[in-house]
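K.L.:
compute the structure for the input listed below.
(one chain, ligands or ions: 1)
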Amino acid sequence: MSFHLDTPSKVSIVEVGPRDGLQNEKTPLTVQDKVTLIDALSNTGLRRIEAGSFVSPKWVPQMANSDAVLTSIARQQGISYSALTPNMRGLTDALAAKADEVAVFGAASESFSQKNINCSIEQSIERFIPVIDAAKAASVPVRAYISCVLGCPYEGEVSPQAVLDVSKTLLSLGCYEVSLGDTIGVGTPKKTSALLSLLLSQLPANKLALHMHDTYGQALANVLIGLQHGIASFDASVAGLGGCPYAKGASGNLASEDLLYMLENMDIDTGIDLQKLIKVGHHISVKLDRQNGAKAGRALLA
Ligand SMILES: CC(C)(COP(=O)([O-])OP(=O)([O-])OC[C@H]1O[C@@H](n2cnc3c(N)ncnc32)[C@H](O)[C@@H]1OP(=O)([O-])[O-])[C@@H](O)C(=O)NCCC(=O)NCCSC(=O)C[C@@](C)(O)CC(=O)[O-]
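P.N.:
Sure, this is the predicted structure:
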């Protein structure tokens, strides 16, 4: 029996630890370390794993070895291994490395767009058009991220209408899903609910995902709001790894283990084995010499 509130009975989790999680880590991981992490994640039941990012190594050195990572992992059938592709150069490299899926990433805030990808929102859309077209021509699905949907580190408040406009544009260009990024974790249930109410008045729930950072401990509460609005796709990061290099102070993503613990206890099916995921979270935390950011992970290991 599913939870008494009107929530989806099944949800899909995008594990972003190997990308969003590692892109801001001070301790650089070797290709082999990343491959070990991704291969371990592949054995947990996850079906969507973001494995790397084809961005400028001058901007994000931690992702410089994404091609070697994608070509070295032990791919498992039924798992989509994705990568970020900000431009045609990124897409070409991602296709050469056989990414199963790619993602373009824009923002709802002009300042963040400039700081993150060095162009305006409008210019970013112009850049994405050939990327999306070429990916589709290669039969590679394209996801889209929008950063700063609930607040911007440079501008503060972001208007929900701006998020709606960018979402509609990216979906109309052929992205199969828009992942709404609370980049600095300032979203609260009230703000998340207001944003989703507007978006869902014009877009179907199955075109949206939530990508919550846990800076203020609100990520899981916001996910619950998302579930109650019918959202069934969520991004999370094993051990709560992460942070965005262009959003100072942003802490990690919502920990995958915490998300899974909540979903399991709401009888919502994900197909993922929590115990296996907890072990992966523990190992990567030890490897990075950082505290495991997953509360459920720490509690269940204790
Ligand atoms: C977008 C660019 C490339 C524009 O960067 P640019 O400087 O405007 O671009 P450019 O075309 O003038 O190129 C500059 C240099 O980068 C190289 N270059 C150009 N493109 C590539 C590429 N694809 N791969 C490798 N190298 C590349 C290019 O060859 C050139 O090299 P140089 O001639 O100086 O030696 C740059 O701004 C960049 O790489 N930004 C990275 C931003 C990033 O990765 N941010 C983190 C991910 S987004 C995020 O975390 C948020 C999210 C998704 O998780 C959701 C949320 O929480 O909000």
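K.L.:
can you tell me the closest non-neighbouring residue to Met63?
P.N.:
Leaving aside its sequence neighbours, Met63 sits nearest to Ser53 (Cβ to Cβ, 6 or more residues apart in numbering; 4.0 Å). Bear in mind the C-beta positions are built from the backbone N, C-alpha and C, glycine included.
K.L.:
so what's the one you found bridging to?
P.N.:
Leu84 (DSSP bridges).
K.L.:
what parts of this protein come near the ligand?
P.N.:
Neighbours of the ligand within the chain, by Cβ under 6 Å from any ligand atom: 20, 23, 53-56, 58-60, 84, 86-87, 89-90, 105, 116-118, 145, 147, 181, 183, 211, 213, 244-246.
K.L.:
distance of Leu220 from Thr192?
P.N.:
Leu220 sits 11 Å away from Thr192, going by Cβ to Cβ, to the nearest Å.
K.L.:
which parts of stretch 226-243 are buried?
P.N.:
226-229, 231-243 (16 or more other Cβ atoms under 10 Å).
K.L.:
so of the residues you listed, which ones are in strands?
P.N.:
Counting by DSSP state E, the part of the buried residues of stretch 226-243 found in strands is Ser233, Phe234, Asp235, Ala236.
K.L.:
next, count neighbours for Gln275.
P.N.:
10 (other Cβ atoms under 10 Å).
K.L.:
and after the helix or strand harbouring it, which helix or strand comes next?
P.N.:
Remark: Gln275 resides in helix 274-288, with elements defined by DSSP states H and E. For helix 274-288, the following helix or strand on the C-terminal side (DSSP H and E) is helix 295-301.
K.L.:
which elements pack onto that following helix?
P.N.:
Helix 295-301 makes packing contacts with helix 256-264, helix 274-288 when contacts are defined by 3 or more Cβ pairs under 8 Å, 6 or more residues apart in numbering; DSSP states H and E.
K.L.:
need these in TSV with mean pLDDT, can you?
P.N.:
What follows is these, written out as TSV (pLDDT from 0 to 100):
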stretch	mean pLDDT
helix 256-264	98
helix 274-288	97
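K.L.:
deepest of the ones you listed, which one?
P.N.:
helix 256-264 (a mean of 24; mean count of other Cβ atoms under 10 Å).
K.L.:
helices of this structure, residue ranges please.
P.N.:
For the chain, the helices defined by DSSP state H cover 31-42, 66-72, 88-96, 110-117, 121-137, 160-172, 189-200, 219-228, 256-264, 274-288, 295-301.
K.L.:
pick the most deeply packed of those helices.
P.N.:
Sorting the helices of the chain by mean neighbours (by mean count of other Cβ under 10 Å), the first place falls to helix 256-264, with a mean of 24.
K.L.:
enumerate every residue touching the nearest residue to Ile73 once chain neighbours are set aside.
P.N.:
Among residues not flanking Ile73 along the chain, Ile38 sits closest, at 4.9 Å (Cβ to Cβ, 6+ apart). Residues near Ile38 by Cβ atoms under 8 Å, 6 or more residues apart in numbering: Pro18, Ile49, Ala51, Val69, Ile73, Tyr81.
K.L.:
what pLDDT does Phe3 get?
P.N.:
Per-residue pLDDT puts Phe3 at 46.
K.L.:
repeat for Gly151
P.N.:
Reported pLDDT for Gly151: 97.
K.L.:
low pLDDT regions in the stretch 1-150 of the chain?
P.N.:
For the stretch 1-150 of the chain, the stretches with pLDDT under 70 are 1-5.
K.L.:
ok, back up a step: which PyMOL command selects the buried ones in the residues of the chain next to the ligand?
P.N.:
The following PyMOL line selects those of these that are buried, judged by 16+ other Cβ under 10 Å:
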select buried, resi 20+23+53+54+55+56+60+84+86+87+90+105+116+117+145+147+181+183+211+213+244+245+246
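K.L.:
which of the residues of the chain next to the ligand fall within strands?
P.N.:
Using DSSP E, the residues of the chain next to the ligand in strands are Ser53, Leu84, Phe105, Tyr145, Ser147, Gly181, His211.
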